[in-house]
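Chemist: Quick one: sequence plus predicted model below, questions after.
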Amino acid sequence: MAAGPFLSLSRIGSVLVALFLLLVGASVATADENFEQGPLTIVTAKGKQHAFTVELALTPRQRSQGLMDRREMAADRGMLFDFGETRQVLMWMKNTYLPLDMLFIDGKGTIRTIRENAEPLSEAIIDSRVPVAYVLELNGGTVRKLGIRTGDTVESPVIGKVGGTP
């Protein structure tokens, strides 16, 4: 059968899926979500307290946008993602220009996993490795500078109240 000017049904389906993903990606990337802010404190096992002001990513659209397209963030700032449930979480750094430390937090506020200095603009998957309810993103190097470790506690009006379950 000779090839003609028409696309096969499977090819049309592939083109439509690609177009849909492109449009959805464009709308998410350009969606300037507004984020509420709130206080957050990390308490180390030695009792040292580190205070931050964090933006709250509470909705699916906010979690999708996260810190994408940001070029700077103050040292005492961050973003807290609330997933509304406890589960394994997968993150990535697509369209994120800042190196970030990611703290994966359970429903009680305990840091379960830490990923330091996630590579900007990478599409590599960053896995929580265990079920968590929250992810806290801080500037890369903050974890090392402040001596934050797994087992330390994160306190916030959001943690344990809005989404995560112990």
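Modeler: It's in.
Chemist: quick one: strands adjacent to the longest strand along the chain?
Modeler: Counting by DSSP state E, the longest strand found in the chain is strand 77-87. Neighbouring strands of strand 77-87 in its sheet, by DSSP bridges, are strand 49-57 (parallel), strand 132-139 (antiparallel).
Chemist: what would these look like in a markdown table with mean neighbour count and distance to residue 117?
Modeler: All C-beta atoms are positioned from the backbone trio N, CA, C, and that covers glycine. A markdown table is the format used below for those (neighbours: other CB atoms under 10 Å; distance: least, CB to CB, whole Å):
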| stretch | mean neighbour count | distance to residue 117 |
| --- | --- | --- |
| strand 49-57 | 18 | 18 |
| strand 132-139 | 26 | 10 |
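Chemist: Burial check on the closest residue to residue 153 other than its chain neighbours, number of neighbours?
Modeler: Nearest non-adjacent residue to residue 153, counting by CB to CB, 6 or more residues apart in numbering: residue 43, 4.6 Å away. Residues contacting residue 43 under the criterion other CB atoms under 10 Å number 15.
Chemist: just checking, residue 43 touches residue 49?
Modeler: Yes - Residue 43 lies in contact with residue 49 (CB atoms under 8 Å); the separation is 5.4 Å.
Chemist: Enumerate the positions of the longest strand of the chain that are buried.
Modeler: Under the neighbour-count criterion of 16 or more other CB atoms under 10 Å, strand 77-87 has 77, 78, 79, 80, 81, 82, 83, 86 buried.
Chemist: Tell me which residues touch the fifth one, please.
Modeler: The contact partners of residue 81, by CB atoms under 8 Å, 6 or more residues apart in numbering, come to 57, 63, 66, 89, 134, 135, 136, 137.
Chemist: next one: the second one
Modeler: With contact taken as CB under 8 Å, 6+ apart, residue 78 is in contact with 40, 52, 53, 54, 55, 136, 137, 138, 139.
Chemist: Please repeat the previous calculation with a cut-off of 7 Å.
Modeler: By CB atoms under 7 Å, 6 or more residues apart in numbering, the residues touching residue 78 are 52, 54, 136, 137, 138.
Chemist: Before we move on, what's the pLDDT of it?
Modeler: Residue 78 carries a pLDDT score of 98 in this model.
Chemist: show me where the protein has strands.
Modeler: 36-43, 49-57, 77-87, 90-91, 100-105, 111-118, 126-127, 132-139, 153-155.
Chemist: In TSV, list the strands paired with strand 77-87 along with mean pLDDT and distance to residue 71.
Modeler: Formatted as TSV, those follow (pLDDT from 0 to 100; distance: least, CB to CB, whole Å):
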stretch	mean pLDDT	distance to residue 71
strand 49-57	98	15
strand 132-139	98	12
